[in-house]
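Asker: What would the 3D arrangement of this be:
(chains A and B)
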2 protein chains.
Amino acid sequence: MAGSLEGIKVLDLSRVLAGPFCSMLLADLGAEIIKVEQPGVGDDARAFSPFIGSESAYFMSLNRGKKSVTLDLKDDKDKEIFWELVKRVDVIIENYRPGTMEKLGLSYDKIADVNPRIIYTAVSGFGHTGPYSQLPAYDMIVQAMGGIMSITGEKDRPPVRVGTSIGDITAALFATVGILAAINSRHTTGKGQMVDVAMLDSQIAILENAIVRYETSSKIPEPLGTRHPSIVPFQAFPTKDYYVIISVGNENIWSKFCQVMGLGKYYDDSRFKTNKDRVDNVIKLEEIISSVTITKTSQEWLEILREVGIPVATINTIDKVVKDPQVLARNMIIELEHPIGGKMKIPGNPIKMSLTPPVIDTPAPLLGEHNSWLLNEFLKKE
Amino acid sequence: MAGSLEGIKVLDLSRVLAGPFCSMLLADLGAEIIKVEQPGVGDDARAFSPFIGSESAYFMSLNRGKKSVTLDLKDDKDKEIFWELVKRVDVIIENYRPGTMEKLGLSYDKIADVNPRIIYTAVSGFGHTGPYSQLPAYDMIVQAMGGIMSITGEKDRPPVRVGTSIGDITAALFATVGILAAINSRHTTGKGQMVDVAMLDSQIAILENAIVRYETSSKIPEPLGTRHPSIVPFQAFPTKDYYVIISVGNENIWSKFCQVMGLGKYYDDSRFKTNKDRVDNVIKLEEIISSVTITKTSQEWLEILREVGIPVATINTIDKVVKDPQVLARNMIIELEHPIGGKMKIPGNPIKMSLTPPVIDTPAPLLGEHNSWLLNEFLKKE
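Answerer: Okay, here's the model as predicted:
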């Protein structure tokens, strides 16, 4: 069975993370990705550590299943090839700073003139409109500006970033949704359009309840460590060897939790009777629960609490994650063999589909690996 | 112009966050969302703080643009209505624990028998397969199990969660991509399918370079505060009033940075000459840069560094985010008027589309607000 995006052709000018993550998802889903790279150097991420031999493992993990062609977009001859590609593809993805494509003479307007059905996708730090449009951005910049950094970490400690580049990755996800929505719309309208996704906007969109908490109370949301702003107990507790996460999400779980922890006498305590009481007395309750959790290891608590159906977790480091039986059962760690880099493990695709599942079986391309395919096959077709 | 998903009908059985965030995106994009809620109580999130008057602001922010009908899925009469709905919709979304729909007699197989074109979307903590499938999950549980918690925060400090429910939200995003891919595939195959997205899997998929860093070095990635694992200087530095984020992403920026900070004598220092040198001597360099940044306020540094094009940010708290000129220019904070809750501000949609932009103009429904519409209009149509 062909992939769900079989037949969709994508001209991918993007580099580093946000754009390539988006085109990676499209590739997994069966689209044909023609990655355009600068001759000689290629995607900046080809130089990013860590390396396997001469190849960037970082680059390889994000560019599986794509084709690579090299074009110098400042060269007239190569531009001709670019315009031939424009005629033949469904989607363009670029993550230059706004204005760059215009300077190259490759504006959306010109592209849409040549191919009005094209879906032109621009992923940028701040978007193609607004006063910050031209400012330089990195993931950490938008994490800081977008509010997520202000509610992550511990109070009265230095700021921390989300440990993964959530600014890039959520922008990639929203861009992917936008592309697929635009493809759907094109079935009806016959027309393509521009999809403009900003990393900063994407941070605002994932703030969840922080905005409504502020708007309804005027209290500025603060970082809470692992604590939940409105459910208690719902956090990490210290154990003999580290911490364990316990999430008492409702009264039924609270009852079971008190029993199994030997805290039965607190179940009817007026300080802890309802979730609201527990929120009001969180410091005292944290102290009581910690005095119990500290007596056993995290793994022991995991087994005890899981047995009775209480939501519980140990904090897995990456070495544990890649061996986790559920992660493996769901094919979330896959091995690809790269002709130069050799075997490497990379994350799988979390979209499990019964009829047209994502397929990840082709390693990242070498720089310009598909140049002759482009000239001798792809562009020869009508 | 109609939305990009105009005509797509979604039967949404989901509650709380992951499922409703997915159907919210579909609603913004023009799909018709028929949210099925339990009579009397409705979506659990209707009881979640904060409230505006009697209405949950949390619920309202996630359920804009949807219709609400109440059905008791354990009641035979209501089940008949459910099956009539199944015949008429394109997509089902549910986020029950795996097995629940089967127990209700509403398994995917039965649903696909009645409507083979339906796209059945299940969002769950661990997915519908694998050994943990039946375990209870909350966002924080998958943040802990999936590795992101182990690389977020400060070393030798207690664990912290990402301050927003990234486990739910990324699962919602991947599910949305899966639904739209399946709709695209249906144009060719004529067939629907099951899309099974797990919160845990979604955490693995966003680990970015953490997995390849571990696989190539066997060194377990650690939390680094705001520091970047392989680019220096790229972190928060202390200022007179708080911290400022500075991202020196390449050598050109490094040169400008040394000049403007009055650190010219370190530019040629062999300890800091290349990024690799700076990574090796990060502690010393952090000390040097901090001794300069501490002399001015964050806002002063923002202005000085922005002026010369160095990526820089202050760490915006939520009160600043909702007033940020770029955030406002991009329509990322929108105001909706709810008939009972009144006016409220909620995050906008980050997918900016030139032809069929997302539209957010209808507040969240009251419980069962569309019951009579369902019976007297929707189900009357062929």
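Asker: any chance you could map the helices in the stretch 1-150 of chain A?
Answerer: Using DSSP state H, counting those that start in this stretch, the helices of the stretch 1-150 of chain A run over residues A:18-28, A:57-62, A:76-88, A:100-103, A:108-114, A:139-145.
Asker: Quick one: closest of those to residue B:7.
Answerer: helix A:18-28 (23.4 Å; C-beta to C-beta). In this view, the C-beta of every residue, glycine as well, is placed from N, C-alpha and C.
Asker: got the CA coordinates for the closest one in CSV?
Answerer: Taking C-alpha atoms only, helix A:18-28 is exported to CSV below (Å, rounded to 0.1, in the frame of the first residue of the first chain):
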residue,chain,number,x,y,z
ALA,A,18,12.0,23.5,11.7
GLY,A,19,11.6,23.1,7.9
PRO,A,20,13.4,19.7,7.7
PHE,A,21,11.3,18.3,10.6
CYS,A,22,8.2,19.3,8.6
SER,A,23,9.5,17.7,5.3
MET,A,24,10.6,14.6,7.3
LEU,A,25,7.0,14.1,8.4
LEU,A,26,5.8,14.5,4.8
ALA,A,27,8.5,12.0,3.7
ASP,A,28,7.5,9.5,6.3
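Asker: I figured residue A:31 was touching residue A:3, is that so?
Answerer: Yes: with contact defined as C-beta atoms under 8 Å, residue A:31 reaches residue A:3; the gap is 7.4 Å.
Asker: Sketch out the low-pLDDT regions of the stretch 101-250 of chain A for me.
Answerer: Nowhere does the stretch 101-250 of chain A drop to pLDDT under 70.
Asker: Same question for the stretch 251-382 of chain A.
Answerer: A:382.
Asker: Near chain B, which residues of it are found?
Answerer: By C-beta under 8 Å from any C-beta of the partner chain, the residues of the stretch 251-382 of chain A that approach chain B are A:306, A:309-322, A:324-327, A:329-330, A:332-333, A:344-356.
Asker: is the lengthiest helix in chain A anywhere near chain B?
Answerer: In chain A, with assignment by DSSP state H, the single longest helix is helix A:166-189. Yes: counting by C-beta under 8 Å from any C-beta, chain B has neighbours in helix A:166-189: A:166, A:169-171, A:173-178, A:180-185, A:187-189.
Asker: Strand partners (parallel or antiparallel) of the very next helix or strand once past that helix?
Answerer: Downstream of helix A:166-189, the next assigned helix or strand under DSSP states H and E is strand A:193-198. Strands that pair with strand A:193-198, judged by DSSP bridges, come out as strand A:119-124 (parallel), strand B:352-353 (antiparallel).
Asker: Mind putting those strands into JSON lines with distance to residue B:84 and mean neighbour count?
Answerer: Formatted as JSON lines, those follow (distance: least, C-beta to C-beta, whole Å; neighbours: other C-beta atoms under 10 Å in any protein chain shown):
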{"stretch": "strand A:119-124", "distance to residue B:84": "36", "mean neighbour count": "27"}
{"stretch": "strand B:352-353", "distance to residue B:84": "33", "mean neighbour count": "24"}
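Asker: Ok, which of those comes nearest residue B:27?
Answerer: Using C-beta to C-beta, the strands paired with strand A:193-198 put strand B:352-353 closest to residue B:27, at 14.8 Å.
Asker: contact partners of the closest one?
Answerer: Residues outside strand B:352-353 that contact it (C-beta atoms under 8 Å, 6 or more residues apart in numbering or on different chains): A:127-129, A:178, A:181-182, A:193-198, A:201, B:4, B:330.
Asker: Now do the SS call for residue A:235.
Answerer: Under DSSP: H, G, I helix; E, B strand; the rest coil, the three-state class of residue A:235 is strand.
Asker: still on that earlier bit, in JSON lines: the strands paired with strand A:193-198, plus distance to residue B:289.
Answerer: Formatted as JSON lines, the strands paired with strand A:193-198 follow (distance: least, C-beta to C-beta, whole Å):
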{"stretch": "strand A:119-124", "distance to residue B:289": "28"}
{"stretch": "strand B:352-353", "distance to residue B:289": "36"}
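Asker: The residue in chain A sticking out farthest from the centre and chain B: what is the separation?
Answerer: In chain A, the greatest distance from the average C-alpha position (C-alpha atoms, centre = their mean) is reached by residue A:265, at 44.2 Å. Shown here: residue A:265 relative to chain B, a distance of 25 Å by C-beta to the nearest C-beta, to the nearest Å.
Asker: quick one: what helix or strand has that residue in it?
Answerer: Per DSSP H and E: helix A:264-267 holds residue A:265.
Asker: Check which helices and strands the helix or strand following that helix sits against.
Answerer: Next helix or strand after helix A:264-267 toward the C-terminus (DSSP H and E): helix A:275-280. Under the contact definition 3 or more C-beta pairs under 8 Å, 6 or more residues apart in numbering or on different chains; DSSP states H and E, helix A:275-280 sits against helix A:251-260.
Asker: Check which helices and strands the helix it packs on sits against.
Answerer: helix A:264-267, helix A:275-280, helix A:298-307.
Asker: residues near the nearest residue to residue A:33 once chain neighbours are set aside, how many?
Answerer: Closest residue to residue A:33 apart from its sequence neighbours, by C-beta to C-beta, 6 or more residues apart in numbering or on different chains: residue A:66 at 4.1 Å. Neighbours of residue A:66 under the rule other C-beta atoms under 10 Å in any protein chain shown: 24.
Asker: for the one 4 residues further on, same thing?
Answerer: Other residues near residue A:70 number 19, with proximity taken as other C-beta under 10 Å.
Asker: what sits opposite it in the beta ladder?
Answerer: residue A:37.
Asker: what's near enough to touch it?
Answerer: A:36, A:37, A:38, A:39, A:40, A:42, A:367, A:368, A:371.
Asker: Quickly name whichever of those residues is closest to chain B.
Answerer: residue A:38 (14.9 Å; C-beta to the nearest C-beta).
Asker: on that earlier part again, filter the contacts of strand B:352-353 down to the buried ones.
Answerer: Burial by neighbour count, 16 or more other C-beta atoms under 10 Å in any protein chain shown: within the contacts of strand B:352-353 this picks out A:127-128, A:178, A:181-182, A:193-198, A:201, B:4, B:330.
Asker: got the residues you listed as JSON lines, with distance to residue B:249 columns?
Answerer: Formatted as JSON lines, the buried ones among the contacts of strand B:352-353 follow (distance: C-beta to C-beta, whole Å):
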{"residue": "A:127", "distance to residue B:249": "19"}
{"residue": "A:128", "distance to residue B:249": "21"}
{"residue": "A:178", "distance to residue B:249": "26"}
{"residue": "A:181", "distance to residue B:249": "32"}
{"residue": "A:182", "distance to residue B:249": "31"}
{"residue": "A:193", "distance to residue B:249": "31"}
{"residue": "A:194", "distance to residue B:249": "27"}
{"residue": "A:195", "distance to residue B:249": "25"}
{"residue": "A:196", "distance to residue B:249": "23"}
{"residue": "A:197", "distance to residue B:249": "20"}
{"residue": "A:198", "distance to residue B:249": "18"}
{"residue": "A:201", "distance to residue B:249": "21"}
{"residue": "B:4", "distance to residue B:249": "34"}
{"residue": "B:330", "distance to residue B:249": "23"}
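Asker: Out of those, flag the one nearest to residue B:152.
Answerer: Among the buried ones among the contacts of strand B:352-353, and counting by C-beta to C-beta, the member closest to residue B:152 is residue A:201, at 22.3 Å.
Asker: Pretty sure the closest one sits against residue B:332.
Answerer: Yes: at 5.1 Å, residue A:201 counts as touching residue B:332 under the criterion of C-beta under 8 Å.
Asker: Just give me the residue closest to the centre of chain A.
Answerer: Judging by C-alpha atoms, centre = their mean, chain A has its centre closest to residue A:169, at 3.2 Å.
Asker: what's around the residue nearest to that one when sequence neighbours are not counted, how many residues?
Answerer: What sits nearest to residue A:169 in space, not counting adjacent residues and going by C-beta to C-beta, 6+ apart, is residue B:206, at 5.0 Å. Applying other C-beta under 10 Å, we find 27 residues neighbouring residue B:206.
Asker: Right, I'll call it a day here.
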